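Student: I would like to see how this sequence folds:
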Amino acid sequence: MKLKKSLLITDLDNTLFDWFEIWYRPFKAMLDELVHESGIPAETLEADFKQVHQKYGTSEYAFAIEELRSLRIKHPSEDLAKKYEGAIDRYREIRRQVLRLYPTVRESLEEIKGRGTLIVAYTESLEFYTRYRLRKLGLDPLLDYLYSPEDNELPDGLSVDQIRAYSPEHYKLVHTRQRHTRRGELKPNPKILAEIIQEVGGIPEEVVYVGDSLMKDVVMAQAAAVTDVYAKYGEAQKRPEYELLRRVTHWKESAVQTEKVLTEEEVKPSFVLQKTFGEILDYCEFGGFNGRRQQG
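Tutor: As a prediction, the model looks like this:
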């Protein structure tokens, strides 16, 4: 018998789209271009990237090139963004090529939303790039709420108006209501998930949470006493290319090591999506959301 659910909370990265591919291919292309243009070994640049990513708590810091230690030593008085404009352009070019949803995501979300279910996205990715992906992938009309951390502060001397080519309205979500998680609060903290459910007026028994990480998503959902669904198809940790992310990530070393060894035998998900997001319809009967109360 299917579980009756009226509130779907979903992770984004590697659950609705292949975040790792979206991150890896543009970053690798940019890194290769930097090595070629600067003559600095990849290992040195990777260590510099890691330092910057840890400083800002994200592996998607838009101004990382300007802060790479080895490049600043090599070009102490130059505008690094302009000097290495080719690497930045290469990053953007590849990013446009790889930005796409996983199969069955769009049609499944359309069906679930059509049944009156409330759909909430919860991600650890920062605000700007998350909004960018939702707009480009056409997810804005399908999500009722987005919970994400705020963006980092801009480097000294830069304003939002200076770095964005379009009006503020161009960067906003039209349909999805965006809210911020508290700075520094990360998965798998079940209190965050419980607060999200309470804020949107949900009833825990009617919530299903889906995500690709055993360590972050499944553990969190189980601790918050909501139905957990493991998006196994989004698993990226075993790809050889994933080692690059581990070398430059902002994650703590303890989290990197835990993620490497965690298996389904140690964390037992309640339900598993083997190949596609659409398999969630085999487990859940989605219906209209009433909830305790609705927030504006």
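Student: Residue ranges in this structure under the pLDDT threshold?
Tutor: 152-171, 251-265, 292-296 (pLDDT under 70).
Student: quick check: longest helix of it.
Tutor: Looking across the chain with DSSP state H, the single longest helix is helix 19-38.
Student: Other residues contacting it?
Tutor: The contact list for helix 19-38, computed with Cβ atoms under 8 Å, 6 or more residues apart in numbering, reads 12-14, 40-42, 45-46, 49, 59-60, 65, 70-71, 74, 84, 86-88, 90-95, 97-99, 125, 133, 236, 239, 241-242, 244-245, 248. (Each C-beta comes from the backbone N, C-alpha and C, glycine too.)
Student: and the residues you listed, which are buried?
Tutor: Buried members of those, scored by 16 or more other Cβ atoms under 10 Å, are 12-14, 40, 45, 49, 59-60, 65, 71, 84, 87-88, 90-91, 94-95, 99, 125, 133, 236, 242, 244-245, 248.
Student: Would you list the phi and psi of the residue of the chain positioned farthest from its centre?
Tutor: Distance from the C-alpha centroid of the chain, by Cα atoms, centre = their mean, peaks at residue 77 (34.8 Å). For residue 77, the backbone dihedrals are phi -120, psi 10 (criterion: degrees, to the nearest 10).
Student: Check the spacing between it and residue 83 real quick.
Tutor: 11 Å (Cβ to Cβ, to the nearest Å).
Student: distance between stretch 37-52 and the chain's centre?
Tutor: Average the C-alpha atoms of stretch 37-52, do the same for its chain, and the two points are 24 Å apart (Cα atoms, centre = their mean, to the nearest Å).
Student: C-alpha coordinates for the strand or helix carrying residue 82, CSV please?
Tutor: Element membership for residue 82, per DSSP states H and E: helix 80-83. Only the C-alpha atoms of helix 80-83 are listed here, as CSV (Å, rounded to 0.1, in the frame of the first residue of the first chain):
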residue,chain,number,x,y,z
LEU,A,80,43.2,38.6,-12.0
ALA,A,81,39.7,38.3,-13.3
LYS,A,82,40.7,40.2,-16.4
LYS,A,83,44.0,38.4,-16.7
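Student: where do the strands sit along the stretch 101-250 of the chain?
Tutor: Secondary structure of the stretch 101-250 of the chain (DSSP state E, counting those that start in this stretch): strands located at 118-122, 145-148, 177-180, 207-211, 227-231.
Student: mind putting those strands in a markdown table, mean neighbour count and distance to residue 188 included?
Tutor: What follows is the strands of the stretch 101-250 of the chain, written out as a markdown table (neighbours: other Cβ atoms under 10 Å; distance: least, Cβ to Cβ, whole Å):
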| stretch | mean neighbour count | distance to residue 188 |
| --- | --- | --- |
| strand 118-122 | 22 | 11 |
| strand 145-148 | 21 | 15 |
| strand 177-180 | 14 | 19 |
| strand 207-211 | 26 | 10 |
| strand 227-231 | 24 | 11 |
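Student: would you turn those strands into TSV with distance to residue 268?
Tutor: Output for the strands of the stretch 101-250 of the chain, formatted as TSV (distance: least, Cβ to Cβ, whole Å):
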stretch	distance to residue 268
strand 118-122	22
strand 145-148	26
strand 177-180	31
strand 207-211	15
strand 227-231	9
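Student: Helices along the stretch 151-296 of the chain, start to end?
Tutor: Along the stretch 151-296 of the chain, counting by DSSP state H, counting those that start in this stretch, helices occupy 160-163, 190-199, 219-223, 242-248, 253-261, 280-283.
Student: Who are the packing partners of the second one?
Tutor: Put plainly, it is helix 190-199. strand 7-10, strand 118-122, helix 219-223 (3 or more Cβ pairs under 8 Å, 6 or more residues apart in numbering; DSSP states H and E).
Student: Domain parsing of this protein, as residue ranges.
Tutor: Domain ranges of the chain: 3-16+104-286, 23-97, per automatic domain parsing.
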